[in-house]
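Student: structural data only, the sequence is not supplied:
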């Protein structure tokens, strides 16, 4: 009977060791899967936050640039008979401010391009390009071109349409992450 007890004890010990080894492998695998899942979720959240910051900064800067355009409209409103020297001087000041705001928008366009995706980056670039006719019209108004005010006013719709498309695509990108 002593021999049977030894073999039963050996078999029990071997089974316990094997069960412990299988359990530890399963636990290690589960821990690895959980760590990978957590790391992946953190990467996605960091990317989402970086994109959100880039998109929000771009939208805010587009609004700042548009505020300059509204100020230009205020200056030229009611100037059918031509712009006076004070109005031309104010347009020059606003042209300089528009250049500064545009430079910031251009920089933020690059940041949106870095954050991606490509579709949103292309839309940001489209918004940036729609500001060029505003600048040309301001230059023409300063030079005395009487048709420049109408061209300037015609710039709003393409700008706002492009910005709305960018906002929609940005929102969709962030919500699908």
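Tutor: Noted; the coordinates are in hand. Here the structure is a predicted model, which is why all the values come from computation and not from measurement.

Student: roughly how far is the longest helix seen in the chain from the heart of the chain?
Tutor: Using DSSP state H to define each element, the chain has its longest helix at helix 2-76. Between the centre of helix 2-76 and the centre of its host chain there is 23 Å, according to CA atoms, centre = their mean, to the nearest Å.

Student: buried stuff in whichever helix or strand comes after it?
Tutor: Using DSSP states H and E, the helix or strand that directly follows helix 2-76 along the chain is helix 85-115. Neighbour-count burial for helix 85-115 flags 88, 90-91, 94-95, 97-98, 101-102, 105, 108-109, 111-112, 115 (criterion: 16 or more other CB atoms under 10 Å). Yep, even glycine has a C-beta here, placed from its N, CA and C like the rest.

Student: for the helix or strand that helix 85-115 is followed by, give me every contacting residue.
Tutor: Downstream of helix 85-115, the first helix or strand assigned by DSSP H and E is helix 118-129. Contacts to helix 118-129, defined as CB atoms under 8 Å, 6 or more residues apart in numbering, come from residues 51, 55, 58, 62, 102, 105-106, 108-109, 112-113, 115, 159, 162-163, 165-166, 169-170, 173.

Student: what residues sit buried inside stretch 132-150?
Tutor: Result for stretch 132-150 [16+ other CB under 10 Å]: buried residues 134, 135, 137, 138, 140, 141, 142, 148, 149.
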